[in-house]
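K.L.:
Turn this into a model:
(one chain, ligands or ions: 2)
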Amino acid sequence: MSGGSADSSPSSRRSSFNSLSRDLELPSEQGCLSVVVLGASGDLAKKKTFPALFHLFAQGFLQSGEVHIFGYARSNLSDDGLRERIRGYLKGASEEHLSEFLQLIKYASGSYDNREGFEKLNKEISEYEMSNKSESCRRLFYLALPPSVYPSVCKMIRTYCMNPSGWTRVIVEKPFGKDLDSAEELSAQLGELFEENQLYRIDHYLGKELVQNLLVLRFANHLFLPLWNRDNIDNIQIVFREDFGTDGRGGYFDQYGIIRDIIQNHLLQVFCLVAMEKPVSLKPEHIRDEKFKVLQSVNPIKNDEVVLGQYEGYKDDLTVPDDSNTPTFASVVLRVHNERWEGVPFILKAGKALSSRKAEVRVQFKDVPGDIFRCKKQGRNEFVIRLQPSEAMYMKLTVKKPGLEMATEQSELDLSYGMRYQNVKIPEAYERLILDTIRGDQQHFVRRDELKAAWQIFTPLLHDIDAGRLKAVPYQPGSRGPKEADELSERVGYMQTHGYIWIPPTLA
Ligand SMILES: NC(=O)C1=CN([C@@H]2O[C@H](COP(=O)(O)OP(=O)(O)OC[C@H]3O[C@@H](n4cnc5c(N)ncnc54)[C@H](OP(=O)(O)O)[C@@H]3O)[C@@H](O)[C@H]2O)C=CC1
Ligand SMILES: O=C1O[C@H](COP(=O)(O)O)[C@@H](O)[C@H](O)[C@H]1O
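P.N.:
Ligands and ions are numbered 1, 2, ... in the order given. Sure, this is the predicted structure:
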């Protein structure tokens, strides 16, 4: 299988990046690199940020001679203390790589709003830069912190830690605000301190392999070009399911709910890539222009096209108020007012504590006109892009049932990554996005106007939920979620194929 033999060595990856960077007109990035993880003592840092840096190091994208990593937080930790804290999360490479990587990490402690800590941090970075003797240097600040401290931390970086001889870039995590006004306020505060090309608003779904494949699939295959519109497609579902609840994060989650946690960002970004028009080129600004345009074409959400749910037992978490109306499940229909999509419902559905864990895009085609085989009985054609787990794309087709009879059945054309790309390791989303930041490629990051348009779509609905005008219905943990959600999907046109289940193929 040719896919399985793809050359993924660092040198081949570097050379393919060079040709891509020429196409995208990205500057060639050289010089010593300081990566500063703020909030280094926290959950995201240990589970995602440091492991992503480690994988980049193990694959040769970060090299001992050119990178240094600084952890910063208020907690009183030593360099070794931080190393011990994260060691258990750094997997998939040799002991030798691991100790080499850990030696690149230093820790500085300080608060998020006073000069001393940041002056000390700047001194450490500068000393490293001087010892490295590169002509130019690069500074990347990763804010693995609660958004409440972004403004003060960004102010401290701007005042005390800017790079005198090269770029300074800042990665900020979601949530970017709680509604349109708070997001705009945050954007304005950060916008006063940094240019848009210095700010990388991360949405880790944009780093997932099959999400990144969406544009290739749509615009590099003639097959899809004439099909991808209201003439052929009946409805599209973008679904996120988790088979666990808020798991001790109830206090955090209750302030946000599933729409702010998953739908307004992750699923809406996927929606943009599914629904947008072809960009003029692959330049980040061209792609983001098209995403912004399709977001602006979304009609106001109708409350009767929304179902909210809350799993039974959610309020047992002591940090969740007894009268919480926060949805842990939501199904929301988006309607796009443009030539391509008028009349096609996009059903964005997300839930916690459900029966399974998966994320997928399900494009359901219309019924066959003049249906001589009575295909309707079998179900419609569907093109499914399984984002996770078991990455795959499959097309559900009606075929002749093998045998002497002329009978039909549902089958599929299946591109399962586990089978087709047997020796290829699919990179973690964070790994890819941090590398993009180092390369200065903002294609997979959220631009300020996109963020505003996303909040414009969801803010009226969120305010109705916050004010109790829309209620979450209870559902059983471990179920499919509220039955009202399935009823809504059916009402807007989705037709379930009964008796057909796609089973990810496995290696014998
Ligand atoms: N955890 C996850 O899986 C995900 C997290 N995110 C986002 O990433 C960011 C960081 O998340 P996570 O690591 O879970 O957060 P944590 O709650 O673990 O906070 C990170 C660090 O920030 C400091 N901190 C915590 N609370 C405060 C506060 N109120 N004021 C100032 N500093 C504080 C603490 O460090 P110290 O006290 O040592 O200074 C803590 O170790 C958040 O924006 C979150 O929404 C996004 C996706 C997934
Ligand atoms: O951003 C978040 O994403 C995770 C799910 O991420 P995934 O990559 O495992 O699909 C979710 O659990 C969390 O609530 C949310 O904040």
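K.L.:
Just to be sure, I171 is in a strand?
P.N.:
Yes: judged by DSSP: H, G, I helix; E, B strand; the rest coil, I171 forms part of a strand.
K.L.:
who in the chain is up against ligand 1?
P.N.:
39, 41-45, 47, 73-75, 112, 144-149, 173-175 (Cβ under 6 Å from any ligand atom). Where you see a C-beta, it was placed from the backbone N, CA and C, and this is true even at glycine.
K.L.:
Only whichever of these are buried, select them in ChimeraX.
P.N.:
With 16 or more other Cβ atoms under 10 Å as the criterion, this ChimeraX line picks the buried residues out of those:
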select :39,41,42,44,45,73,112,144,145,147,149,173,174,175
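K.L.:
Tell me who's in contact with the closest residue to ligand 1 within the stretch 1-150 of the chain.
P.N.:
Nearest residue of the stretch 1-150 of the chain to ligand 1 (Cβ to the nearest ligand atom) works out as G42 at 2.4 Å. Each residue near G42 by Cβ atoms under 8 Å, 6 or more residues apart in numbering is listed here: 73, 144-145.
K.L.:
now T459
P.N.:
T459 is in contact with 179-180, counting by Cβ under 8 Å, 6+ apart.
K.L.:
If you count neighbours, what's buried in stretch 305-319?
P.N.:
305-311, 314-315, 317.
K.L.:
related to what we said a few turns ago, just give me the closest of the contacts of G42 to ligand 2.
P.N.:
Out of those, the member with the shortest distance to ligand 2 (by Cβ to the nearest ligand atom) is A144, at 12.8 Å.
K.L.:
The residue lying closest to the closest one once chain neighbours are set aside and N122, how far apart?
P.N.:
Among residues not flanking A144 along the chain, G39 sits closest, at 3.9 Å (Cβ to Cβ, 6 or more residues apart in numbering). Going from G39 to N122 by Cβ to Cβ, to the nearest Å gives 18 Å.
K.L.:
who does the helix or strand harbouring Y142 touch, helix- and strand-wise?
P.N.:
Secondary structure assignment for Y142, by DSSP states H and E: strand 137-143. Helices and strands touching strand 137-143, by 3 or more Cβ pairs under 8 Å, 6 or more residues apart in numbering; DSSP states H and E, are strand 32-38, helix 150-160, strand 168-172, helix 429-439.
K.L.:
quick one, phi/psi of the nearest residue to D179 once chain neighbours are set aside?
P.N.:
Closest residue to D179 apart from its sequence neighbours, by Cβ to Cβ, 6+ apart: T459 at 4.6 Å. Backbone torsions for T459, taken as degrees, to the nearest 10, come to phi -60, psi -50.
K.L.:
repeat for K358
P.N.:
phi -170, psi 160.
K.L.:
what's the answer for the one 5 residues further on, then?
P.N.:
Torsion angles at V363 (phi, psi; degrees, to the nearest 10) stand at phi -100, psi 110.
K.L.:
Quickly list what it is bridged to.
P.N.:
The partner list for V363 in beta bridges (DSSP bridges) reads I236, F383.
K.L.:
Run a quick neighbour tally on it.
P.N.:
Look at V363: counted by other Cβ atoms under 10 Å, it has 22 neighbours.
K.L.:
and if you look at A188?
P.N.:
Counted with other Cβ under 10 Å, the neighbours of A188 add up to 11.
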